[in-house]
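>>> model the structure of this input:
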Amino acid sequence: MTGLSIHAVDAATGRPAEGLRVRVLTAGDRRTVIAEGTLGADGTLAHPIVRARLAAGLYEVAFEIGEFVGQVGDGFLDVASIRFRITDPISHCHLPLKFTAFGIALFRGC
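This is a model prediction of the structure:
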């Protein structure tokens with residue numbers, strides 16, 4: 001299975017982060033947005049990138065946390081951007097994020 005999947009949970013409420021805006025970019029000299037959208041009711045990004053084969057290289061995912069938590073109050077974080085490397089274009093990369101207005105936890109899942 002190839003592609004990149006993203007799942008986010010608002011740890012303050014324990015609920016999927018429905019409505020959180022996310023952008024996926026190529027990283028490096030020529031940053032290009034390759035996917036963007038808002039997370040659905042299950043906290044995942046429904047985008048063709050989930051099934052796309054990504055070339056080996058550096059990528060970045062940007063989570064618009066400040067905009068999301070701004071609906072319920074002011075927070076510390078605005079945009080949380082994570083840079084990561086794809087080394088095997090055939091493998092699937094899953095990025096599960098847990099966050100609050102004040103911090104994040106993200107790891108690479110299988």
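
>>> quick one: the helices in the chain?
65-69 (DSSP state H).

>>> what's the burial count for A17?
27 (other C-beta atoms under 10 Å). C-betas here are computed from N, CA, C, even on glycine.

>>> confirm for me that it is in contact with L39.
Yes: in this structure A17 lies within contact range of L39 using C-beta atoms under 8 Å: 5.3 Å.

>>> so what sits against both of those two?
Shared contacts of A17 and L39 (C-beta atoms under 8 Å, 6 or more residues apart in numbering): A8.

>>> which residues are in contact with the residue nearest to F107 when sequence neighbours are not counted?
Nearest non-adjacent residue to F107, counting by C-beta to C-beta, 6 or more residues apart in numbering: P96, 6.7 Å away. By C-beta under 8 Å, 6+ apart, the contact set of P96 is 6-9, 106-107, 109.

>>> ok, now how distant is P96 from R15?
As judged by C-beta to C-beta, to the nearest Å, P96 and R15 stand 14 Å apart.

>>> do the same with A62
Taken as C-beta to C-beta, the span from A62 to R15 is 21 Å.

>>> coming back round to it: in PyMOL, select just the buried ones from the contacts of P96.
Selection of buried members from these for PyMOL, criterion 16 or more other C-beta atoms under 10 Å:
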select buried, resi 6+7+8+9+106
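
>>> pick the one among the contacts of P96 closest to G66.
Nearest to G66 out of the contacts of P96 is A8 (C-beta to C-beta; 14.0 Å).

>>> show me where pLDDT drops low in the chain?
1, 71-74, 110 (pLDDT under 70).

>>> can you pull the buried residues of stretch 31-45?
34-35, 39, 43-45.

>>> tell me the two of the residues you listed that are most distant?
Most distant of the buried residues of stretch 31-45, by C-beta to C-beta, are I34 and G43, 20.5 Å apart.

>>> noted, bye for now.
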